[in-house]
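J.: show me how the following folds:
(chains A and B)
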There are 2 protein chains.
Amino acid sequence: MPQIRFEDLKAEFKRVLTDRGCEEDIAELSARLIAETSLDGVYSHGVNRFSRVVDYIDKGYIHPNARPTKVDGIGSLERWDAHLGLGNVTAKLAMDRAIALAKQQGIGCVALKNANHWLRGGTYGLQAADAGCVGICWTNTLPNMPAWGAKDRRIGNNPFVVAIPRAGGHVIVDAAMSQFSYGHMDGARRRGEPLSVPGGYDDSGDLSTDPEAISRTGRVLPIGFWKGSALSVVLDLVATVLAGGRSTFRVGQLGGDEYEICQVLIAIDAQGIAGDAFLSQAVGEVLADLKASDPVDPARAVRFPGEKGPELRKRNLQQGIPVDDGIWAKITSL
Amino acid sequence: MPQIRFEDLKAEFKRVLTDRGCEEDIAELSARLIAETSLDGVYSHGVNRFSRVVDYIDKGYIHPNARPTKVDGIGSLERWDAHLGLGNVTAKLAMDRAIALAKQQGIGCVALKNANHWLRGGTYGLQAADAGCVGICWTNTLPNMPAWGAKDRRIGNNPFVVAIPRAGGHVIVDAAMSQFSYGHMDGARRRGEPLSVPGGYDDSGDLSTDPEAISRTGRVLPIGFWKGSALSVVLDLVATVLAGGRSTFRVGQLGGDEYEICQVLIAIDAQGIAGDAFLSQAVGEVLADLKASDPVDPARAVRFPGEKGPELRKRNLQQGIPVDDGIWAKITSL
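T.: A predicted model of the protein is given here:
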């Protein structure tokens, strides 16, 4: 598998975007964010998804030079329209605005409509944390999961992100409301491996760890059964109502592709309210206590959310980012 | 089982609180909130928990006449100290303040330290929704769940609440990060019934639906395995950092009882930003689509989060609130 240097990967993304007519600053920003996602080891939402972004530009779903504009607002709560710009660019700019509001007013919330897939949601949580803020953000999606008690897919997996600033690497959760992403299940299926825990239902209506059986029914499992189903519904409703855009239901009416979605980006000035000393001490002692857990497997210490990111980033910076041969060939041919 | 009229239940709670030295307005508010929780059918966090509240007053953990005060703030983000007041009173007053901030600035966030158990978290979500706001709130707890990959309990189940205003009954999720509450598992154990889905691990380290086996290991399951574990950690960290109070780790150092906890109460002016017409239409069509799901069991239509509340409230208002004989005898003897 080729190991591509960060700068080379970013330059290649930028070349392709520029060839598609992207203005320089947008191409630079989008390419950097996709390359950084890959650098952090989240290949599924970085390099492995890039050709789909280009496909969406070619299909006209993504308007690569669209820039988000403010539609409405009440104080620290603002509604923006992404105008179908590149999803990672518009989400990043929306979180920039939420952070600016938080620095003035303690908390800022930007709700974005007509957005495209933001690739890695964690990007915007980390961005808030880089600014000393707690970042909370989520997106709605296509209908891709059945509600609890249902067979047909009418709710989204609606990834939910929470980040807390920490020197040495932020604490971050980036969790879809489905137990596994489709990307993860596809990978397991290709390798012929079972899932580590049940990820959905088989033809008999039984819980299953067989990704092939789950893909036949489409009945993927929400986290915590009824709980993740309910959380998915409320995340969609809050995003839709605040942004004034399409709900998962309405995104499903667009014909099967995912665009014109809604996102919510919240920043809270943790550094401002808590001060660096308390922030560092409180977070540090919680993580130290967590790491002191008695592990189920003595060889596997308990990790805190986000712990692996800096390790992977360091390794990938030194050794290059592993990119599947076929994917790299595809990107360089675009 | 006695069926107690709402007004009689509330009056009995108020009598006991007044006997314990509560001032009239605090006793009235706390009694009303506990009675309303029971009216909505959430007995575990209403009438069934009342004697523990009184026990905590007697032990000195709850200071029944303490009122929350503002400690610090940046714009729409405020830190308050609950001074160990009655948990439902201080959380309700904190959400009042978050709503007032939201009505001025679109969004308001109040973080509360030195708080007591707030009983039903959904109360404060519904309160925000009654004011036309999206309500988002959560609390930290004692260490009562192992982190993913751990045997010993170092994280909390940290209930997380999201509510959206809706005429005819708000949409609401009130979900702990554990698959089941301890109250639910105790009930199943007393009745000798298995849990409906795995709720933790048995002595052999296998997933189990046997509440007795799970209580022996104390290894209750986070929702979505690693995902609920990670969400629990970040909810605790955000609450601790914003409130400047005790983390779950530090609450665990108090000797096993749960007090001096942290809560976050966020209100967002959904009605203000969306307008009544869009709010009603967008929420209505999402719920209608959800209800049109193809059910796994043809006899059980899919429900939306919070759907059962108004039905139960109506029935309990008409027929009285069912209260276990022993629990009612205990309360009337307090």
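
J.: would stretch A:268-285 count as contacting chain B?
T.: Yes. Stretch A:268-285 lies within reach of chain B by CB under 8 Å from any CB of the partner chain, at A:268-270, A:272-274, A:278-279, A:282-283, A:285. To be clear about C-beta, it is placed using only N, CA and C from the backbone, and glycine gets the same treatment.

J.: for ChimeraX, what selects the buried ones among the residues you listed?
T.: This is how ChimeraX selects the buried members of the residues of stretch A:268-285 next to chain B, with burial counted by 16 or more other CB atoms under 10 Å in any protein chain shown:
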select /A:268,269,270,272,273,274,279,282,283
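
J.: tell me which of the residues of stretch A:268-285 next to chain B fall in helices.
T.: Among the residues of stretch A:268-285 next to chain B, DSSP state H puts A:270, A:272-274, A:278-279, A:282-283, A:285 in helices.

J.: quick one, helices of chain A?
T.: Using DSSP H, helices in chain A cover A:6-19, A:24-39, A:50-59, A:87-105, A:122-130, A:182-191, A:211-217, A:226-243, A:248-251, A:270-274, A:276-291, A:308-319, A:325-333.

J.: including distance to A:Gly73 and mean pLDDT, could those go into CSV?
T.: Output for the helices of chain A, formatted as CSV (distance: least, CB to CB, whole Å; pLDDT from 0 to 100):
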stretch, distance to A:Gly73, mean pLDDT
helix A:6-19, 30, 98
helix A:24-39, 24, 97
helix A:50-59, 29, 97
helix A:87-105, 9, 98
helix A:122-130, 19, 98
helix A:182-191, 35, 89
helix A:211-217, 43, 95
helix A:226-243, 11, 98
helix A:248-251, 23, 98
helix A:270-274, 21, 98
helix A:276-291, 29, 98
helix A:308-319, 33, 95
helix A:325-333, 39, 94
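
J.: out of those helices, which gets nearest to A:Ala150?
T.: In terms of CB to CB, the element of those nearest to A:Ala150 is helix A:226-243, at 8.4 Å.

J.: what residues sit buried inside the closest one?
T.: Residues of helix A:226-243 classed as buried: A:226-243 (neighbour count, 16+ other CB under 10 Å).

J.: near chain B, which of these show up?
T.: A:227-228, A:230-231, A:233-238, A:240-242.

J.: ok, those vs A:Ala299, which is closest?
T.: Using CB to CB, these come closest to A:Ala299 at A:Gly228, 29.9 Å.

J.: which residues touch the nearest residue to A:Ser44 once chain neighbours are set aside?
T.: Excluding the flanking residues, the one nearest A:Ser44 by CB to CB, 6 or more residues apart in numbering or on different chains is A:Gly183, at 4.1 Å. By CB atoms under 8 Å, 6 or more residues apart in numbering or on different chains, the residues touching A:Gly183 are A:44-45, A:48.

J.: of those - the most surrounded one?
T.: A:His45 (23 neighbours; other CB atoms under 10 Å in any protein chain shown).

J.: skipping adjacent residues, who's closest to that residue in space?
T.: Per CB to CB, 6+ apart, closest to A:His45 is A:Arg120, 3.9 Å.

J.: ok, the one you found to B:Met185 distance?
T.: Taken as CB to CB, to the nearest Å, the spacing of A:Arg120 relative to B:Met185 amounts to 36 Å.

J.: quick one, which of the two is more surrounded?
T.: Neighbours were tallied for A:Arg120 and for B:Met185 using other CB under 10 Å; the higher tally belongs to A:Arg120 (25 against 21).

J.: wait, doesn't that one sit right on A:Leu39?
T.: No. A:Arg120 is beyond contact range of A:Leu39, at 11.0 Å (criterion: CB atoms under 8 Å).

J.: now do the shared contacts for those two.
T.: In contact with both A:Arg120 and A:Leu39: A:Gly46, using CB under 8 Å, 6+ apart.

J.: what is the neighbour count of A:Tyr296?
T.: Just so we're on the same page, residue A:296 is Val rather than Tyr. Neighbour count for A:Val296, taken as other CB under 10 Å: 15.
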